[in-house]
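Enquirer: Here is a sequence together with a model predicted from it:
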Amino acid sequence: MITKERDSSENEITAKSHELHKMKYEQMIPTEQVDIVNKRLDVHTVPKELDDLMKEFRQHVGIYPDVIKIMRDRRRYTPFDINKYI
């Protein structure tokens with residue numbers, strides 16, 4: 001009985017570890033994208049700051065309707081999604 005519980009706990013810990021690893025690295029911002037932001041904004045921004053801003057946006061999306069509008073306007077003209085929103 002204890003062995004089964006231990007194995008179950010180990011499997012759960014392993015699954016949570018994989019989930020944390022995925023959460024940590026799936027939102028990584030490529031440095032070339034940071035360079036583009038820095039050039040366009042004429043400021044020094046680090047990936048951590050952009051990550052924090054994206055988290056803030058996701059958690060409090062209701063206070064950023066202007067950002068959503070800008071994103072929608074820009075997405076309409078990308079070659080990847082042009083037919084998706086028309």
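Expert: Okay, I see it. Numbering: from 1, shown residues only.

Enquirer: Phi, psi for residue 72 please.
Expert: The phi and psi values for residue 72, taken as degrees, to the nearest 10, are phi -60, psi -40.

Enquirer: Next, count neighbours for it.
Expert: 10 (other Cβ atoms under 10 Å). Glycine gets a C-beta too; all of them are placed from N, C-alpha and C.

Enquirer: Strands of this protein, start to end?
Expert: Counting by DSSP state E, one finds no strands in the chain.

Enquirer: In this protein, which helix is the longest?
Expert: Ranked by residue count, the top helix of the chain under DSSP state H comes out as helix 2-25.

Enquirer: What is the least confident helix or strand in this protein?
Expert: Across the helices and strands of the chain, mean pLDDT, DSSP states H and E gives its lowest value to helix 2-25, namely a mean of 83.

Enquirer: Any idea how far the longest helix of the chain is from the middle of the chain?
Expert: 23 Å (Cα atoms, centre = their mean, to the nearest Å).

Enquirer: cool, and stretch 60-75?
Expert: On Cα atoms, centre = their mean, the centre of stretch 60-75 falls 15 Å from the chain's centre.

Enquirer: So which bits of it are buried?
Expert: By neighbour count on 16 or more other Cβ atoms under 10 Å, the buried set for stretch 60-75 is empty.

Enquirer: For this protein, give me the ranges with low pLDDT.
Expert: Within the chain, the ranges that satisfy pLDDT under 70 run 25-27, 76-86.

Enquirer: repeat that for 90
Expert: For the chain, the stretches with pLDDT under 90 are 1-11, 17-34, 37, 43, 45-55, 58, 71-86.

Enquirer: so how far is stretch 9-26 from its chain's centroid?
Expert: The answer for stretch 9-26 is 17 Å, by Cα atoms, centre = their mean.
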